[in-house]
Each structure stands twice: as C-alpha cells, then as structure tokens.
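S.K.: Need coordinates for the following:
(chains A, B, C and D)
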Number of protein chains: 2
Amino acid sequence: MTAGTTERQAARPDLLAALEDGGYRITTPRRSVIAALERKGEGFSAEELCEELPAVGRATVYRTIKLLQGEGVICKLAMPDGAPKYSMARVEHHHHTVCVKCAAVGEFRHATIERLLRAIGQEISGEIVGHRLEVFTVCSECEVRG
Amino acid sequence: MTAGTTERQAARPDLLAALEDGGYRITTPRRSVIAALERKGEGFSAEELCEELPAVGRATVYRTIKLLQGEGVICKLAMPDGAPKYSMARVEHHHHTVCVKCAAVGEFRHATIERLLRAIGQEISGEIVGHRLEVFTVCSECEVRG
DNA sequence: CTCATTGCAAATGGTTTGCATTGGG
DNA sequence: CCCAATGCAAACCATTTGCAATGAG
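M.R.: Prediction:
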C-alpha cells in the first residue's frame, strides 16, 4: 500500500476529479457528500455526515465514503476504543494524531517511522505489507478547557 | 515471527490470579474462557471463542474478554480492515505484527518507537496520551504457501 | 444466604445489501 | 434511453445490556 502511492501529488487533488479518475459518475448526492466533508475536513464520523445531509441516503453516504477511500482522498482511522472516524488525506502517506477528547485529527509524517519499519523488518520473518499508527493526544485546546 | 522481547516477567502471570487480583470471582465459565484462550494464544476472535465454548454464553465470553483486557493480560488489535482480534499479552508494553493472510500475531518492542513518540511530541501541541501501532505482514509460513 | 455472575434474548452501533426507482451522460 | 447510482428498509456483524435465575464464597 505504501508502494504504489507516490504518483499523486501531495497537493490534495480536487475530489470530484478523483471520482472521475476512478470512472465514477458525478451525481448530486456525491457532490453533497463531498461538499460536506470538505467543510468538516478532519475527524468526522459517517453518522455526522448523514445527519448533516438528510437529503442523502445513509447508504449513499457510506458508499461515497468508501469510494473516496478507494481513491485515497479520505482515510479511516480509529479512536482509542476502536470507534471509526474519517479524515481528509492531505499528504500522501501519513499518520494521525487524534485528540481523545474532541477527536480533532492532525497528520504528520516523520522519517523516524520509516526507520522504525526498516528496523522491525529485520527482526521479523515474513514481509511487511502495511502498518497502522495512531497517536492519541489531548490537544492544546482541550488541555486549556480541562 | 516475533523478535521475542522479554522485559518484565515474560512469565505470563497466571490468568486466574489476574482475575483474583482484580477482585473477581473465579467461576466455571471464566475458567473455560481462560482455558480456551490459553490454547489459542495469539490472534483469535471473540466469535471463535464462542464457537469453541458452546456451554458458555456469548455475553459471558465478551464480559470475560473485557475483564482480562482490563487486567492487561490480553489485548485487542485490529486487522487491516478493522476487524477485531484478541491476543495474549506476553510483554508489558508492546506492539503487534499481524499476518494479513493467516492472522498470526507477533509481538515486538522496539526502542525506536519510543524515540519516535518523543520526536512527535515535540512537533505537535498538546500531550500524547497513547498510541496504537500495528504492523501488517505476510508471515513466512504464508509466503511459502503462496 | 446473598450478591456477583450468568444466560438468554432483545437492543445497539456501525455498516452493507437487495431491489425497485431514478437521473446522468 | 440505459445502466450506474440512489433510497429505503431490512440484513449484518460485533458487541452490549436488561433482567430473572444461578452459584460461589
């Protein structure tokens, strides 16, 4: 998964274009979903989108989310308890910080993670095909608010 | 599969003792669940345990799993698609390698991860309160089997 | 005895699917 | 026009919960 993804530019491509690239139609419900998640940007749940888009069927929201995941423009992440959230992908390969209080999501890349994986690769038999890293935080906003 | 790391008493404390330490009763169903997961050891699902223990109610299996998670003797992890698995915890703080083909789970600790977190801590505002790292592999067994 | 624990079954939360209908190209 | 895409509701899967019955200490 890390492997073939170097093609797309770090600059987040237009989401509608991403759909077209995938050979999908640009429909009204899809436009709505995309508009909504551009507004949200970081750390939203599927349910939130559904509530915000009463005109769009729940199934369509989920189908569109999955489509965009497939196109690599949004990604799924998990809160400490495993509850799913979604977030816009801004850089190609990255990891997340998630505030456990307000669910604010940050992204980071860090060369150390690459080194880490290389080191692990030498310790285990078999081949590393992917990984998931989430760093849970209490963001500065929430620190202040207590 | 694992670069076995033994930091604390690798000798896994007796699971029944863990329950007693938590102030929980040692009951027949709990004994059964514990026996079953000692047999499995790595990378099992709750459903698997339920199937293996028709005499124990589904709810009790889940309740016991959660108890043991609380006592820190088993841990929950997630496959690439988010599907949950459980695994015996052998070392105190560790991370997992999970084979995406056979779900075999390995554990590792690596000093680099600690360094990584420290480095991230300096890049973000707020405080790091936890993290999740899973490394997905195709284990050597599965490499051979194709 | 008594209260923690159990089993069951129904409830939940997140997500998917079957199918008849609709609308984009 | 036609097939991809939609909406709805029902299905699904992992997990949780309410509650009466049970059993460990």
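S.K.: what sits against A:Glu52?
M.R.: Counting by C-beta atoms under 8 Å, 6 or more residues apart in numbering or on different chains, A:Glu52 touches A:Ala36. Just so you know, the C-beta spots here come from the backbone N, C-alpha and C atoms, and that holds for glycine as well.
S.K.: how far away is it from B:Ala46?
M.R.: Distance, A:Glu52 to B:Ala46, by C-beta to C-beta, to the nearest Å: 33 Å.
S.K.: For chain A, which segments count as helices?
M.R.: A:15-21, A:28-40, A:46-52, A:58-70, A:111-123, A:140-145 (DSSP state H).
S.K.: Mean pLDDT and distance to DNA strand D for those - can I get that in a markdown table?
M.R.: Converted to a markdown table, the helices of chain A look like this (pLDDT from 0 to 100; distance: least, C-beta to the nearest atom of the strand, whole Å):
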| stretch | mean pLDDT | distance to DNA strand D |
| --- | --- | --- |
| helix A:15-21 | 89 | 8 |
| helix A:28-40 | 93 | 4 |
| helix A:46-52 | 93 | 10 |
| helix A:58-70 | 95 | 3 |
| helix A:111-123 | 86 | 26 |
| helix A:140-145 | 89 | 24 |
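S.K.: Using TSV, lay out those helices together with distance to DNA strand C.
M.R.: Output for the helices of chain A, formatted as TSV (distance: least, C-beta to the nearest atom of the strand, whole Å):
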stretch	distance to DNA strand C
helix A:15-21	8
helix A:28-40	4
helix A:46-52	4
helix A:58-70	3
helix A:111-123	25
helix A:140-145	20
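S.K.: Give me the most central residue, chain A.
M.R.: With distances taken as C-alpha atoms, centre = their mean, A:Cys75 lies nearest the centre of chain A, 2.1 Å away.
S.K.: Go ahead and confirm that one touches A:Pro84.
M.R.: No. Using C-beta atoms under 8 Å, A:Cys75 is not in contact with A:Pro84; the gap is 10.8 Å.
S.K.: Tell me the residues of chain A that contact chain B?
M.R.: A:76, A:78, A:80, A:82, A:84, A:97, A:99-100, A:106, A:108, A:110, A:112-113, A:115-117, A:119-120, A:123-143 (C-beta under 8 Å from any C-beta of the partner chain).
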